[in-house]
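J.: coords please:
(chains A and B)
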Protein chains: 2
Amino acid sequence: MAQEEKAADLSGTIRFVLEIDKLKSVLRKVRPVGEDRYENTAEHSWQIALFALSLAQTLRLPIDVSRTVAMLLVHDIGEIDAGDKFVFAQDGWKEQKAAELRAVERITGLAPEVAAGFLLGLWKEFDAGETPESRFAKAIDRCMPVLLNLSNEGGSWLENGVPYERVIGRVGPEVESGCPELWNYLSQELKEARRKGYFAAPTS
Amino acid sequence: MAQEEKAADLSGTIRFVLEIDKLKSVLRKVRPVGEDRYENTAEHSWQIALFALSLAQTLRLPIDVSRTVAMLLVHDIGEIDAGDKFVFAQDGWKEQKAAELRAVERITGLAPEVAAGFLLGLWKEFDAGETPESRFAKAIDRCMPVLLNLSNEGGSWLENGVPYERVIGRVGPEVESGCPELWNYLSQELKEARRKGYFAAPTS
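T.: Coordinates of the predicted model:
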C-alpha cells in the first residue's frame, strides 16, 4: 500500500510538471535582448529566479532567498489559464488576479496534497507581498522587463506607447520597497534612458 | 565609498543577468508538449527547478532542496558559449564539459566576486554529483526530457533514431541513483512506451 501510494503521488507530481509545460507557450510583451520574438513566461521565471539568487548574494540580504526563488518559480503559473497581462494595462487587475488564483488552484491541485499546499502557499505569499522575501521577489519581477527594455533601446515601451512617467509610477514603488539598492541603480538608468529617447511621449 | 561599491556590485550583477539572457536562444533537441518548436535551455531550467521543488515536497526528501533548485538554475548556463549537446551523443563529452566550465567561469565572472564564487560552486557541485542534492538534481534533469518525449509519443527518440536500450543505459543510472522512487515510476513508463513503438529499432 505504501508503495502504491508513492506511485500515485509520483503520477500526480508528474501530471503537474507536464501541465506547467504550457507556460512555455504563454507570451509576454518583452523580447529577449536583441531577439525578434517575445519572451515566454517560463524562461522569464527562470531568469528572475537566478537574478534573485545572485543579487541576494551580492547584497548579502538578510532574507531566506530560497523562499524568494521558490516564489518566483511559481508566481506566474496561473497565466497558463489566465494569460499574461501587460504590466502597463490600466484596469482589469482584480479580475486578472482572481482568474490567476483559480488557475493556480487548479494546476497545483494536480500535485499531491502536500506539494499542492506548499506551491499554493508560495503563490499566495508572493501575491500578498507582506514578507521581505515576497517583496524582494516582486522587486526582481518588476525590474527584469525594465532591464530588457533598456537593453533593447526602449523595446516594449516604444512599441506600446508607454511614457517614462508610467514606468516610474508602476515599477518604482515595488522595486524600491523590495530592494532599495536596486531602485537606486534602476532609477538612474531610467533617467539616462529618458535622455536617450527610449520612452513614448507623455500623454497629456 | 560604500555607496560606490554597492553601485559597482549592482552593475556587475546586472551584467551577469543580461548575459544569461542568451540562454533563451540555446535550443535543445526536445519539444514542449504538442509544440512544433524546440524548447530552449532557459525554459527547461525553469521547469526542472519547479519539478525538483514539488517532487522533494511530495516525497518528503531529507535533502536541502533549495540547493538542488539553485544548482538546476545554474547548471546549463555554460551552454551559452558551448551550446547544447544531445544527451545521446556518443562522444566528445570531456571536451564539452571543459568548454562549459570555461563558459561558466567567464559568465559568473561578470558578477561580483561573492556571487561569482557562489554560482560557480553550484555548477561544480552539480557537475561532480557527489552530494544527495546534486544527485537529485541530475535525476530530475535526466528525467524531464524523457517525460516530454513520452508525452510527444516518442519525440526526439524517433526523430534521432534512439532505441529503448540507449535511453535506459543513459538515463537509468543517474535517475536511479538520485531518486530511486522516480526511476521506479519512469522505468515502468518506458517499458509501456516501448510497447507503443516510441523508440527507434535497436542498432545491432
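J.: okay, CA-based contacts and neighbour counts for the rest of this
T.: Noted.
J.: let me see the contact set for the residue of chain A found nearest chain B.
T.: Closest residue of chain A to chain B, CA to the nearest CA: A:Glu43 (4.2 Å). With contact set as CA atoms under 8 Å, 6 or more residues apart in numbering or on different chains, A:Glu43 has these partners: A:Lys24, B:Lys24, B:Ala42, B:Glu43, B:His44, B:Trp46.
J.: out of these, who's the most crowded?
T.: B:Trp46 (28 neighbours; other CA atoms under 10 Å in any protein chain shown).
J.: so where's chain A shaky on pLDDT?
T.: A:1, A:204 (pLDDT under 70).
J.: any idea how far the residue nearest the centre of chain A is from A:Ala116?
T.: Centroid check for chain A by CA atoms, centre = their mean gives A:Asp141 as the closest residue, at 4.2 Å. Taking CA to CA, to the nearest Å as the measure, A:Asp141 falls 23 Å from A:Ala116.
J.: equivalent analysis for A:Val167, please.
T.: If you measure A:Val167 against A:Ala116 using CA to CA, the figure is 35 Å.
J.: the more surrounded of the two?
T.: Neighbours were counted for A:Val167 and for A:Ala116 using other CA under 10 Å; A:Ala116 has more, 24 against 16.
J.: tell me if I'm right that the more buried one and A:Thr108 touch.
T.: Yes. With contact defined as CA atoms under 8 Å, A:Ala116 and A:Thr108 form a contacting pair (4.7 Å).
J.: number of nearby residues for A:Phe86?
T.: By other CA under 10 Å, the residues close to A:Phe86 number 12.
J.: then A:Lys6?
T.: A:Lys6 has 16 neighbouring residues, counting by other CA under 10 Å.
J.: which element is encountered next along the chain beyond the longest helix seen in chain A?
T.: For chain A, the helix with the greatest residue count under DSSP state H is helix A:132-151. Next along the chain after helix A:132-151, taking DSSP states H and E as the criterion, comes helix A:155-159.
J.: what does A:Asp36 show for phi and psi?
T.: Per-residue torsions, A:Asp36: phi -80, psi -30 (degrees, to the nearest 10).
J.: measure it to B:Phe16 for me?
T.: 21 Å.
J.: compare the two (neighbour count), which wins?
T.: Neighbours were tallied for A:Asp36 and for B:Phe16 using other CA under 10 Å; the higher tally belongs to B:Phe16 (23 against 9).
J.: and the more buried one, its phi and psi?
T.: Backbone torsions of B:Phe16, given as degrees, to the nearest 10, read phi -60, psi -50.
J.: any idea how far it is from A:Leu55?
T.: Distance, B:Phe16 to A:Leu55, by CA to CA: 10 Å.
J.: what do you get for A:Val69?
T.: 11 Å.
J.: more neighbours, these two?
T.: Each of A:Val69 and A:Leu55 has its neighbours counted (other CA under 10 Å); A:Val69 has more, 29 against 24.
J.: check the secondary structure at that one for me.
T.: Three-state call for A:Val69 (DSSP: H, G, I helix; E, B strand; the rest coil): helix.
J.: give me the contacts around stretch A:167-180.
T.: A:87-88, A:132, A:134-140, A:142-143, A:182-184, A:187.
J.: list the buried ones in that stretch?
T.: For stretch A:167-180, the neighbour count (16 or more other CA atoms under 10 Å in any protein chain shown) marks A:Val167, A:Val171, A:Gly172, A:Glu174, A:Val175, A:Glu176, A:Ser177, A:Gly178, A:Cys179, A:Pro180 as buried.
J.: pull out the CA atoms of it and give them to me as CSV.
T.: These are the backbone C-alpha positions of stretch A:167-180, laid out as CSV (Å, rounded to 0.1, in the frame of the first residue of the first chain):
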residue,chain,number,x,y,z
VAL,A,167,7.2,53.2,-15.9
ILE,A,168,8.3,55.1,-12.8
GLY,A,169,4.8,55.1,-11.3
ARG,A,170,4.2,51.4,-12.0
VAL,A,171,7.7,49.9,-11.3
GLY,A,172,9.2,52.3,-8.8
PRO,A,173,7.2,51.6,-5.6
GLU,A,174,7.6,47.9,-5.7
VAL,A,175,11.3,47.9,-6.6
GLU,A,176,12.0,50.5,-4.0
SER,A,177,10.0,48.7,-1.3
GLY,A,178,11.5,45.3,-2.1
CYS,A,179,15.1,46.3,-2.8
PRO,A,180,16.1,50.0,-2.3
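J.: show me what contacts A:Ala115?
T.: A:Ala115 makes contact with A:Thr108, B:Ser54, B:Leu55, B:Gln57, B:Thr58, according to CA under 8 Å, 6+ apart.
J.: can you tell me the SS state at it?
T.: A:Ala115 - assigned by three-state DSSP - is helix.
J.: residues touching the residue nearest to A:Gly83 when sequence neighbours are not counted, list them.
T.: Take A:Gly83 and drop its neighbours on the chain: the residue closest to it by CA to CA, 6 or more residues apart in numbering or on different chains is A:Val26, 6.5 Å away. For A:Val26, the contact set (CA under 8 Å, 6+ apart) comprises A:Asn40, A:Thr41, A:Ala42, A:Glu79, A:Ile80, A:Gly83, A:Asp84.
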